[in-house]
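# please find the sequence and the predicted model below.
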Amino acid sequence: MAFLSGISFYDRFDDPERVRRQSNQLGSSDWFDDYNSAFFITANDSVSFYHKSKLVVGVENFPYQNVLRPLLGDVMIDLGGTVAMKTTQKDRGVFEIPNSEEVGPIICYESVYGD
């Protein structure tokens, strides 16, 4: 038996070594990574996470923020999107059901990508 579901996942940190291109800054030493994710729990209480790797432009990320944000302001919020960048994981993966199959956690727009 296993359980698979979606989750909004946030990772808040103060270590500047962890800052990536997609990290969002809240204060001088306060950042967060914002993920559109899936989690998978197996019968032996093993928990795995998958963070979406193909984002929808304008809804899950705001491209060219340094140029467009001063011009558009927070218009992306009004369109149902975000002015915070969603964070992705580098490699896509699958969840493994012990002694059984593998499950691909396809989230939204990722369904158009074959691999």
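Structure received. Numbers count the residues shown, from 1 in each chain.
# helices along this structure, start to end?
Assigned by DSSP state H, the chain shows helices spanning 65-72, 75-78.
# give the contact list for the closest residue to Glu60 other than its chain neighbours.
Residue nearest to Glu60 in three dimensions, not counting chain neighbours: Lys86, with 4.3 Å by C-beta to C-beta, 6 or more residues apart in numbering. For the C-beta atoms, the positions are set from N, CA and C on the backbone; glycine is no exception. For Lys86, the contacting residues are Gln22, Asp34, Tyr35, Asn36, Lys52, Leu55, Glu60, Asn61, by C-beta atoms under 8 Å, 6 or more residues apart in numbering.
# can you check Ser46 too?
Counted by C-beta under 8 Å, 6+ apart, Ser46 has contacts Pro98.
# how close does it get to Arg92?
19 Å (C-beta to C-beta, to the nearest Å).
# so for Tyr109, what's the pLDDT?
The predicted local confidence for Tyr109 comes out at a pLDDT of 72.
# check contacts around it.
With C-beta under 8 Å, 6+ apart as the criterion, the residues that contact Tyr109 are Lys54, Leu55, Val56.
# if we only consider the residues you listed, which is nearest to Val67?
Val67 has its nearest neighbour among the contacts of Tyr109 in Leu55, at 18.5 Å by C-beta to C-beta.
# the closest residue in space to Val94 that isn't next to it in sequence and Lys90, how far apart?
Distance criterion C-beta to C-beta, 6+ apart; nearest residue to Val94, sequence neighbours excluded, is Glu102 at 4.3 Å. With distances defined as C-beta to C-beta, the gap from Glu102 to Lys90 amounts to 19 Å.
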